[in-house]
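**Q** Okay, sequence plus prediction incoming.
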There are 2 protein chains.
Amino acid sequence: MAKFAIMGHGTLGSGLAEVARVNRESIAAKVGEEITVKYILDIREFPDSPDADKFIKDFAIIENDPEVEVVVETIGGTKVAQEFTRRALMAGKHVVTANKELVATYGKDLLAIAAEKNVNYLFEASVGGAIPLLRPLFQCMAGNQIEEIAGILNGTTNYILTRMVQDGASFADALKEAQAKGYAEADPTADVEGIDAGRKICILSNLAWGKEVAPANVRMIGISALDLKDVDIAASAGYRVKLLGHAMRMAEGKVAAYVAPHLVPESSPLSRVDDVFNACLIRGNAADEVMFYGRGAGKPTASALMGDVIDAIQHREKRRDLGWSESADLFPSEELVMQWYLRGDFSAADAKGVCGEVKEAAPGAVITAPMTEVQAKAAAEKLGAEAVLRVL
Amino acid sequence: MAKFAIMGHGTLGSGLAEVARVNRESIAAKVGEEITVKYILDIREFPDSPDADKFIKDFAIIENDPEVEVVVETIGGTKVAQEFTRRALMAGKHVVTANKELVATYGKDLLAIAAEKNVNYLFEASVGGAIPLLRPLFQCMAGNQIEEIAGILNGTTNYILTRMVQDGASFADALKEAQAKGYAEADPTADVEGIDAGRKICILSNLAWGKEVAPANVRMIGISALDLKDVDIAASAGYRVKLLGHAMRMAEGKVAAYVAPHLVPESSPLSRVDDVFNACLIRGNAADEVMFYGRGAGKPTASALMGDVIDAIQHREKRRDLGWSESADLFPSEELVMQWYLRGDFSAADAKGVCGEVKEAAPGAVITAPMTEVQAKAAAEKLGAEAVLRVL
């Protein structure tokens, strides 16, 4: 019999309590012991919950109860969540979280505490929601040198982009629709400006290469400046515009990581990932390309949290070391060589004169040969281009 | 320092030796110890191999060398492979394999030996090639009750079907092309008759529900009888014909599993999986649908083998129990209720008279309402239908 505590009773916390309750028997059969929720920490009251008798308001009860082996943090943010995570780890408890902001920003420190106390700090749920992603990357693909990661890591922006492509909605209208459906928050900044996807590409990079890529050092370009015109031209030329978190292994052990909208060719399986779904493509030098697809947010994320709770208990004696300790040596994303989409009041012949060989996507819109951002922006300036986008 | 042996030096065995050699340093950094190949067992000579000094012809050398912790079996078939697997497990060595025939047919017995000797028997590579699939299903999704598995599990048939859809090739011509490219064997029976996919859906079912589904008890319908006409009609009606391994959790703890060609709606991410790629969709009651995509055969499979070697070494003291011990109670696939595609010399009105409400896919081709196979076949007989196919 193993017992755990859940901090927070929002979508994720209540979803996890439900999974633990509904799947109690099947989980016990798989793990060989029963795993039950002992406490749920929330400042609010939930008298009608089937777990009503488990609610507490004082974290110290969890901290001081030796029966609680695992603490799941679904509070969010980096203040209370960080304090309680530190204290739980210091108290020798395994901690499981979906909190990408906390993991991306303070993961290195928290993993160091977990190592010192010989407990697990697990965060499968922090990237890709319900999609098994971090463990496959870190464990199943451990025989690979990871070459590249490209992911649709934010469901809100993917929903907005899908509405723009499928219904010809403007960014502003699609955002309003996403907010009405509860997919986007009242303040959508972290989603639409690529900050959420940025935290996730940092966590993926940390695991892929074992060194910390700090969000503060990662270029994040969102979709708020995206013109419907370019989404349409891209679609007619065989591309879908997607917001990608993108990371690559470079020479001399360097890592490049950034977030930006990309034209994704229809031949890529990422181009077909629509609505609120997430997907992540990982390229390793042994496996070639694999892709993971599913629901990146909301209640299904409880699946990943429960998986981590089970894993923590199965590895209660031998900690899983998913760690990164030192900082990565970053390759500036501005110097990455890739193809670019340029659109403006110019002809393909003009573009050819400035960029060399180009592919015409539409009148006044071209795809360039591979070049750096510095080169692409210089070309765009010469041509008076109104839109400059990356091509995957 | 951990040492392992590879049995067989074909595509998989030589691929694994190469991965171990090329990624030696990155693997050591991840695992915390070096993992190297000590022996390669093959009856052939490979004097030009960079591992030439490691070749042996006598299995007993591996069996009797206490330094060999893990044995990787890439021999194939169920004779020599089974004998050496048993002997390696009996000798207290972990065994890793890509051999779906052996795992599907004798997995229960081999897992029992592994349990008795407290060693790992791991077979991530046996389903989906390089795609992380079994471990995510068994571990990351352990908090779920698995409801359904639907997979494109055989690359050869998916290549053939893709050629039929994209180039209008007949089955026979597409098969010849697949053979010329090395995707299909001279005797393509196991692939085109659904036997290979059948073994794989058995292994997935075993892991999903913890009980053995024996290949001998699983209905396997291949693609050799597929008419190009139906592939074309399906495409024009918004479907792709795919050979699926399909398994479901039924009432009273029963399991249904079978292999058959299906019309897959374009809205399903499985419909977009083309050429030799594999993909598997797994639906759990917590995670909802997730999909795993990648290269299901050939050299990239070495990635999964290496991942299992690493896992075996990381769990050398505490065995991973992926086991199934008893037999599953099977639900007959004939009684599953699903939609059907019927095509023949009849009108939609005729079909409506016989089947109730139908959707017309083309003149003389309809999609029925959900019904059992018995009902669908009775309707087909009344209508004189020439083609009867399942719809996902």
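**A** In hand now; what should we look at?

**Q** Report the secondary structure state of the residue in the stretch 1-150 of chain A that chain B sits nearest to.
**A** The stretch 1-150 of chain A approaches chain B most closely through A:Gly143 (2.7 Å), counting by CB to the nearest CB. In this view, the C-beta of every residue, glycine as well, is placed from N, C-alpha and C. Following DSSP: H, G, I helix; E, B strand; the rest coil, the label given to A:Gly143 is coil.

**Q** Select the longest helix from chain A.
**A** When chain A is parsed with DSSP state H, its longest helix is helix A:100-117.

**Q** tell me which residues of stretch A:121-140 are tucked away?
**A** A:121-140 (16 or more other CB atoms under 10 Å in any protein chain shown).

**Q** filter the residues you listed down to the ones close to chain B.
**A** Counting by CB under 8 Å from any CB of the partner chain, A:Glu124, A:Ala130, A:Ile131, A:Pro132, A:Arg135, A:Pro136, A:Gln139, A:Cys140 from these sit close to chain B.

**Q** Okay, and the beta partners of A:Tyr341?
**A** Listed beta-bridge partners, A:Tyr341: A:Ile367, A:Leu389 (assigned using DSSP bridges).

**Q** what about A:Val72, neighbour count?
**A** Other residues near A:Val72 come to 32 when the count uses other CB atoms under 10 Å in any protein chain shown.

**Q** Check the secondary structure at the residue nearest to A:Gly32 when sequence neighbours are not counted for me.
**A** Excluding the flanking residues, the one nearest A:Gly32 by CB to CB, 6 or more residues apart in numbering or on different chains is B:Asp321, at 7.7 Å. Following three-state DSSP, we place B:Asp321 in the coil state.

**Q** so how far is B:Leu122 from B:Asp321?
**A** B:Asp321 sits 11 Å away from B:Leu122 when distances are taken as CB to CB, to the nearest Å.

**Q** One more: A:Leu204?
**A** Taking CB to CB, one finds A:Leu204 at 25 Å from B:Leu122.

**Q** quick one, helices of chain A?
**A** A:11-22, A:24-31, A:59-64, A:80-90, A:100-117, A:134-135, A:155-167, A:171-180, A:189-192, A:195-209, A:228-236, A:301-314, A:348-355, A:373-383.

**Q** how about those in a markdown table, adding mean pLDDT?
**A** Conversion of the helices of chain A to a markdown table gives the following (pLDDT from 0 to 100):
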| stretch | mean pLDDT |
| --- | --- |
| helix A:11-22 | 97 |
| helix A:24-31 | 94 |
| helix A:59-64 | 98 |
| helix A:80-90 | 98 |
| helix A:100-117 | 96 |
| helix A:134-135 | 96 |
| helix A:155-167 | 95 |
| helix A:171-180 | 94 |
| helix A:189-192 | 96 |
| helix A:195-209 | 97 |
| helix A:228-236 | 95 |
| helix A:301-314 | 97 |
| helix A:348-355 | 93 |
| helix A:373-383 | 96 |
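
**Q** for chain B, what are the nearby residues on the stretch 251-392 of chain A?
**A** Residues of the stretch 251-392 of chain A lying close to chain B (CB under 8 Å from any CB) are A:269, A:272-273, A:284-295, A:300, A:302-307, A:309-311, A:317-318, A:321.

**Q** Bridged to A:Thr97, which residues?
**A** Here A:Thr97, judged by DSSP bridges, has bridge partners A:Glu73.

**Q** my guess is it contacts A:Glu73, does it?
**A** Yes: if you go by CB atoms under 8 Å, A:Thr97 and A:Glu73 touch, sitting 4.4 Å apart.

**Q** any shared contact partners between the two?
**A** Residues touching both A:Thr97 and A:Glu73 by CB atoms under 8 Å, 6 or more residues apart in numbering or on different chains: A:Ala81, A:Thr85.

**Q** Is there proximity between stretch A:209-223 and chain B?
**A** Yes: counting by CB under 8 Å from any CB, chain B is contacted by stretch A:209-223 at A:Gly210.

**Q** buried ones in that stretch?
**A** For stretch A:209-223, by 16+ other CB under 10 Å, it's A:Trp209, A:Gly210, A:Lys211, A:Glu212, A:Val213, A:Ala214, A:Pro215, A:Val218, A:Met220, A:Ile221, A:Gly222, A:Ile223.

**Q** what about the fifth one, distance to chain B?
**A** Okay, so that is A:Val213. To chain B, A:Val213 is 17 Å away according to CB to the nearest CB, to the nearest Å.

**Q** With A:Leu263 instead?
**A** The gap separating A:Leu263 from chain B is 18 Å, by CB to the nearest CB.

**Q** re the thing from before, touching chain B at all, the longest helix of chain A?
**A** No: using CB under 8 Å from any CB, no contact is recorded between helix A:100-117 and chain B, whose separation bottoms out at 12.4 Å.

**Q** Send over that helix as PDB, restricted to the C-alpha atoms.
**A** Extracted as PDB, the C-alpha positions of helix A:100-117 are listed here (Å, rounded to 0.1, in the frame of the first residue of the first chain):
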ATOM      1  CA  LYS A 100       6.600  23.400 -16.800                       C
ATOM      2  CA  GLU A 101       7.400  26.900 -15.600                       C
ATOM      3  CA  LEU A 102       8.900  25.600 -12.400                       C
ATOM      4  CA  VAL A 103      10.700  22.700 -14.000                       C
ATOM      5  CA  ALA A 104      12.200  24.900 -16.800                       C
ATOM      6  CA  THR A 105      13.200  27.700 -14.500                       C
ATOM      7  CA  TYR A 106      14.200  25.900 -11.300                       C
ATOM      8  CA  GLY A 107      14.500  22.300 -12.400                       C
ATOM      9  CA  LYS A 108      18.300  22.200 -12.000                       C
ATOM     10  CA  ASP A 109      18.100  23.200  -8.300                       C
ATOM     11  CA  LEU A 110      15.200  21.000  -7.500                       C
ATOM     12  CA  LEU A 111      16.800  18.000  -9.200                       C
ATOM     13  CA  ALA A 112      19.900  18.600  -7.100                       C
ATOM     14  CA  ILE A 113      17.900  18.500  -3.900                       C
ATOM     15  CA  ALA A 114      16.200  15.300  -5.100                       C
ATOM     16  CA  ALA A 115      19.600  13.800  -5.800                       C
ATOM     17  CA  GLU A 116      20.800  14.800  -2.300                       C
ATOM     18  CA  LYS A 117      17.800  13.300  -0.700                       C
END
